[in-house]
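> A structural model of the following input is requested.
(2 chains)
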Amino acid sequence: KAGVTQTPRYLIKTRGQQVTLSCSPISGHRSVSWYQQTPGQGLQFLFEYFSETQRNKGNFPGRFSGRQFSNSRSEMNVSTLELGDSALYLCASSLLGGAADEQYFGPGTRLTVT
Amino acid sequence: AQRVTQPEKLLSVFKGAPVELKCNYSYSGSPELFWYVQYSRQRLQLLLRHISRESIKGFTADLNKGETSFHLKKPFAQEEDSAMYYCVLNTGTASKLTFGTGTRLQVTL
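Reported below is the predicted structural model:
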């Protein structure tokens, strides 16, 4: 079956702009999580969606938001971009998002803020 | 708050030598622990989870609640084991992974 897909793969934005990243989970998976990966902070949890509801949230400012659609596809939005938002953004999906579930990761979207 | 510590950024071993990647966690409840691996130019993927108690690609990991550790071991390293390894903790009932900083394993001839 097809894996998790993320679009776009690369993105360059300017400070102050906003950006929307998209994630399509594996067919049948209802949980989608987002992570930010930077050299300094490593991999950090942003939020998790299940059945169109945000179920968990990490310690990120309100500029970071997301949503999930009825087909389980998810988007995350970052408003008023800052240089520090430059990172690889990973999306992961799992069947039900249970604590012991395997997470399937996408290839990531590389965001560069100039 | 939960935390995962992987003390080694880089571990270099010879082919055929034993491997142990260290992982310690801090969490007062019952954790779900995993090892995820990222091979060169591939996606992050699950290697093994403590609940399965299985050996994958010759790797095993035992949860030691007394020492709050979940070290990854393999008796004989292979070149194809070279990768980035992340120890990962999940708590609660839903998905919210806490990652360690990762250890790069380099297996040389």
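
> what's the neighbour count on A:Leu88?
When counting by other CB atoms under 10 Å in any protein chain shown, one arrives at 15 neighbours for A:Leu88. To be clear about C-beta, it is placed using only N, CA and C from the backbone, and glycine gets the same treatment.

> okay but it is in contact with A:Phe105, surely?
No. Between A:Leu88 and A:Phe105 no contact is recorded; they are 10.9 Å apart, counting by CB atoms under 8 Å.

> now for chain A, which residue lies nearest the mean position of the chain?
A:Trp34 (3.1 Å; CA atoms, centre = their mean).

> I'd guessed that residue sits against A:Leu43; true?
No. Using CB under 8 Å, A:Trp34 is not in contact with A:Leu43; the gap is 10.9 Å.

> Find residues that contact each of the two.
A:Leu90 (CB atoms under 8 Å, 6 or more residues apart in numbering or on different chains).

> Apart from its neighbours in sequence, what residue is nearest A:Ser70?
A:Glu52 (6.4 Å; CB to CB, 6 or more residues apart in numbering or on different chains).

> Helix, strand or coil: sort out B:Leu87 for me.
That one is not Leu; residue B:87 is Cys. State at B:Cys87, reduced to three classes by DSSP: H, G, I helix; E, B strand; the rest coil: strand.

> dump the residue contacts of residue 13.
Just going to use chain A. A:Val19, A:Leu81, A:Leu111, A:Thr112, A:Val113, A:Thr114.

> my bad, chain B
B:Val19, B:Ala77, B:Leu105, B:Gln106, B:Val107, B:Thr108 are the contacts of B:Val13 under CB under 8 Å, 6+ apart.

> which of those residues count as buried?
By neighbour count, with 16 or more other CB atoms under 10 Å in any protein chain shown, the contacts of B:Val13 hold B:Val19, B:Ala77, B:Leu105, B:Val107 as buried.

> interface residues of chain A facing chain B?
Residues of chain A lying close to chain B (CB under 8 Å from any CB of the partner chain) are A:3, A:31, A:33, A:35, A:42-45, A:48, A:50, A:55-56, A:58, A:90, A:92, A:94, A:97-107.

> I'd say the residue nearest to A:Ser70 and A:Gln68 touch.
Yes. The criterion here is CB under 8 Å, and A:Glu52 meets it with A:Gln68 at 4.8 Å.

> the more surrounded of the two?
Here A:Glu52 and A:Gln68 are set side by side on neighbour count (other CB under 10 Å), and the busier one is A:Gln68, at 24 against 13.

> Got a quick ChimeraX command for the buried subset of the contacts of A:Lys13?
To isolate the buried ones among these in ChimeraX, judged by 16+ other CB under 10 Å, type:
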select /A:19,81,111,113
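
> Looking at the contacts of A:Lys13, which is nearest chain B?
Among the contacts of A:Lys13, A:Leu111 lies closest to chain B (CB to the nearest CB), at 17.4 Å.

> what does the model give the closest one for pLDDT?
The model reports A:Leu111 with a pLDDT of 98.

> So what sits opposite it in the bridge?
A:Leu11, A:Ala87 (DSSP bridges).

> what's the spacing between it and A:Ala87?
Distance, A:Leu111 to A:Ala87, by CB to CB, to the nearest Å: 6 Å.

> And for A:Cys23?
15 Å.

> Please name the residues that touch residue 36.
Chain wasn't specified; assuming chain A. A:Leu43, A:Gln44, A:Leu46, A:Phe60, A:Ala87, A:Leu88, A:Tyr89, A:Leu90.

> try chain B instead
Shown in contact with B:Tyr36 (CB under 8 Å, 6+ apart): A:Gln103, B:Leu44, B:Gln45, B:Leu46, B:Leu47, B:Tyr85, B:Tyr86, B:Val88, B:Phe99.
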